[in-house]
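J.: Below are the sequence and a predicted model for it; my questions follow.
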Amino acid sequence: MLKIDEPVAPATIPSCMTAWHYCINNVTPAGALNPIMGAQINVNPPLIPGQLVINIQLTCLYHGVPANFVIPSPPLPNHIPIDLYYVQYAVLNCIV
């Protein structure tokens, strides 16, 4: 999940965003989702590639799928890296 931290007017570049990584099998005793990772992303200075990466485990991705589910071939790597540099780049370039 990605949140722009302050309200911004249309076509305005946000100064800060926060990213959280949740997994459906990481819950509190009350059943609420617990973030596995949280990170604040400042726009100035911008991220550089590889600086902030979320790794999604396959056990998280495939949690709760039926036993007869066919895993795609070739299989996905275990951890699937999501480089937040590219997320920040995409968000900032669709705003302006």
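T.: Thanks, I have the structure now.

J.: Name the surrounding residues that touch stretch 50-69.
T.: 19, 21, 23-26, 36-37, 39, 41, 71, 76, 78-85 (Cβ atoms under 8 Å, 6 or more residues apart in numbering). The C-beta positions use only the backbone N, C-alpha and C, and glycine is treated the same way.

J.: Narrow these to those in strands?
T.: Applying DSSP state E to these, the entries found in strands are 19, 21, 23-26, 36-37, 39, 41, 80-83.

J.: What's the ChimeraX syntax to select whichever of those residues are buried?
T.: Per 16 or more other Cβ atoms under 10 Å, the buried members of the ones in strands among the contacts of stretch 50-69 correspond to this ChimeraX selection:
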select :19,21,23,36,39,41,83
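
J.: how about JSON lines for the ones in strands among the contacts of stretch 50-69, with pLDDT and distance to Val91 added?
T.: As requested, those are exported to JSON lines (pLDDT from 0 to 100; distance: Cβ to Cβ, whole Å):
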{"residue": "Ala19", "pLDDT": "81", "distance to Val91": "10"}
{"residue": "His21", "pLDDT": "75", "distance to Val91": "16"}
{"residue": "Cys23", "pLDDT": "77", "distance to Val91": "22"}
{"residue": "Ile24", "pLDDT": "71", "distance to Val91": "24"}
{"residue": "Asn25", "pLDDT": "71", "distance to Val91": "28"}
{"residue": "Asn26", "pLDDT": "73", "distance to Val91": "25"}
{"residue": "Ile36", "pLDDT": "74", "distance to Val91": "21"}
{"residue": "Met37", "pLDDT": "71", "distance to Val91": "18"}
{"residue": "Ala39", "pLDDT": "75", "distance to Val91": "14"}
{"residue": "Ile41", "pLDDT": "75", "distance to Val91": "9"}
{"residue": "Ile80", "pLDDT": "86", "distance to Val91": "20"}
{"residue": "Pro81", "pLDDT": "89", "distance to Val91": "18"}
{"residue": "Ile82", "pLDDT": "87", "distance to Val91": "13"}
{"residue": "Asp83", "pLDDT": "90", "distance to Val91": "13"}
